[in-house]
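**Student:** The amino acid sequence is not available; the structure is as follows:
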Ligand code: GLA
């Protein structure tokens, strides 16, 4: 790839715990993965961004003078969205050739879209001579996802993709948008990521619906308690005022309040090397996402249950938005092979889908290399 000037990467992510609370101002606990999107880039002296892919025959050209017009591209819409967000924020967008190489499986719930948006924003910033912090890059990438891809997402994916650190998960405070790294040492255990391979359906609309439900819960509770976000509602306040919420909105809010506590407990457990407690919290998180937040579905439930039943597994849950995508499991290293075989078989028998198991490590966020 010598003819390109820079190689920029950004990571896919797993969320260890803290699901569907980033957009409620909660603290979440994600980590960047070695599965990533790589952008090879060089300026081309024109007003056009020429996109190509290592894994696709397609070539797409984007005019930087009308970046609004590419929302419906089959391939290239995330890159166009990244350029659009950068330009809208007043940064320079320069014509260039970009080769994209994505190893984050699409639709897996491991944030391939965030990896693409973050790496593309970072790459365009480098050749445009713009000095932008990783936090700001994450915020721009989030704007691309919201304004261009139409998902009213929180900040977790883009932030983890940009700021990840090898060997560490991060406790990300989504209210202040700041983070603290926590070494992710699992001792005799490993983190196994399994894709249920069920095609995502209606993820965007169901996701946006959950957001609306949490916003309704917040507006209701704000009439009696002075909170600026749902994650600030304490368990005691919820016990006292939760009954003001009707039907599903009550259950959504209960998930948010409980999941916030689980994140705190998980980080404390991690800091004292108590992997067994972390495992129990993963199981409790999955149960809450299934019963209260209703974002799991038959396949993710079958996968998590098969994992939870295996002797070598101390905890398993869905990760990401849900409705498909991946589970993560904490598995004793010397039982990992048997775990993978047994869970794959049981899952296929129950659902008819074959799952995929990924070998990924916890890795760095954005990297920039001059070629
Ligand atoms: C998606 C969104 C994130 C977050 C998760 C659920 O990945 O992009 O912002 O809300 O779902 O935790």
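**Tutor:** Noted; the coordinates are in hand. Keep in mind the model is a prediction, meaning the values are calculated, not measured.
**Student:** Quick one: end-to-end length of stretch 141-153, please.
**Tutor:** 11 Å (C-alpha to C-alpha, to the nearest Å).
**Student:** which of the residues in that stretch are buried?
**Tutor:** Buried positions in stretch 141-153, judged by neighbour count with 16 or more other C-beta atoms under 10 Å: 141, 142, 143, 144, 145, 148, 149, 151, 153. No exception for glycine: its C-beta is placed from N, CA and C like everyone else's.
**Student:** near the ligand, which residues of the chain show up?
**Tutor:** With C-beta under 6 Å from any ligand atom as the criterion, the chain meets the ligand at residues 15, 19, 20, 22, 23, 153, 154, 156, 157, 320, 321.
**Student:** Who wins on neighbours among the residues you listed?
**Tutor:** Counting neighbours by other C-beta atoms under 10 Å, the top entry in the residues of the chain next to the ligand is residue 157, with 32 neighbours.
**Student:** quick one: it and residue 13 touch, right?
**Tutor:** Yes. In this structure, residue 157 is within contact of residue 13 by C-beta atoms under 8 Å, at 5.9 Å.
**Student:** so what sits against both of these two?
**Tutor:** 30, 111, 114 (C-beta atoms under 8 Å, 6 or more residues apart in numbering).
**Student:** so which of those residues is the most crowded?
**Tutor:** Most surrounded of the shared contacts of residue 157 and residue 13: other C-beta under 10 Å gives residue 111, at 33 neighbours.
**Student:** And that one, what's its pLDDT?
**Tutor:** Looking at residue 111, its pLDDT stands at 95.
**Student:** low-scoring stretches of this protein, by residue?
**Tutor:** 1-2, 200-202 (pLDDT under 70).
**Student:** Got the domain ranges for this protein?
**Tutor:** 6-182+363-370, 183-358 (automatic domain parsing).
**Student:** highest average neighbour count across those domains?
**Tutor:** The highest mean neighbour count among the domains of the chain, using mean count of other C-beta atoms under 10 Å, belongs to domain 6-182+363-370: a mean of 21.
**Student:** Off-centre distance for that domain?
**Tutor:** 12 Å (C-alpha atoms, centre = their mean, to the nearest Å).
**Student:** Also stretch 271-278?
**Tutor:** Remark: stretch 271-278 is offset 23 Å from the chain centroid, using C-alpha atoms, centre = their mean.
**Student:** Give me the distance between the two termini of it.
**Tutor:** 10 Å.
**Student:** mind checking the longest helix of the protein?
**Tutor:** Counting residues, the longest helix found in the chain (DSSP state H) is helix 247-271.
**Student:** mind listing what the residue in the stretch 201-350 of the chain positioned nearest to the ligand touches?
**Tutor:** The stretch 201-350 of the chain approaches the ligand most closely through residue 321 (3.5 Å), counting by C-beta to the nearest ligand atom. Residue 321 is in contact with 20, 109, 203, 207, 295, counting by C-beta under 8 Å, 6+ apart.
**Student:** circling back to that earlier point, which of the shared contacts of residue 157 and residue 13 fall within strands?
**Tutor:** Residues of the shared contacts of residue 157 and residue 13 located in strands (DSSP state E): residue 30.
**Student:** Make JSON lines out of the shared contacts of residue 157 and residue 13 and add distance to residue 55.
**Tutor:** Formatted as JSON lines, those follow (distance: C-beta to C-beta, whole Å):
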{"residue": "30", "distance to residue 55": "25"}
{"residue": "111", "distance to residue 55": "18"}
{"residue": "114", "distance to residue 55": "18"}
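**Student:** what's the closest non-adjacent residue to residue 143?
**Tutor:** residue 85 (4.2 Å; C-beta to C-beta, 6 or more residues apart in numbering).
**Student:** Phi, psi for residue 33 please.
**Tutor:** With angles defined as degrees, to the nearest 10, residue 33 sits at phi -110, psi 160.
**Student:** List the beta-bridge partners for it.
**Tutor:** residue 362 (DSSP bridges).
**Student:** give me every residue that touches it.
**Tutor:** 11, 12, 13, 14, 104, 110, 164, 360, 361, 362, 363.
**Student:** just the residues you listed now: which is nearest the ligand?
**Tutor:** The nearest one, if we look at these relative to the ligand and count by C-beta to the nearest ligand atom, is residue 13, at 8.4 Å.
**Student:** Quick check: which element contains the residue nearest to residue 191 when sequence neighbours are not counted?
**Tutor:** Distances taken as C-beta to C-beta, 6+ apart put residue 328 closest to residue 191, at 5.8 Å, once the chain neighbours are dropped. According to DSSP states H and E, residue 328 maps onto strand 326-332.
**Student:** Mind listing the strands that strand pairs with, and their directions?
**Tutor:** Sheet pairing of strand 326-332 (DSSP bridges) gives strand 189-195 (antiparallel), strand 313-319 (antiparallel).
**Student:** What does the spatially most central residue of the chain show for phi and psi?
**Tutor:** The centroid of the chain falls nearest to residue 157 when counting by C-alpha atoms, centre = their mean (3.6 Å). Main-chain torsions, residue 157, degrees, to the nearest 10: phi -70, psi -50.
**Student:** Quick one: classify the residue of the chain most remote from its centre as helix, strand or coil.
**Tutor:** Distance from the centre of the chain peaks at residue 45, with 34.6 Å (C-alpha atoms, centre = their mean). The three-state label given to residue 45 by DSSP: H, G, I helix; E, B strand; the rest coil is coil.
**Student:** Correct me if wrong: the residue nearest to residue 143 contacts residue 137.
**Tutor:** No. Applying C-beta under 8 Å as the test, residue 85 and residue 137 come out as separate, 9.9 Å apart.
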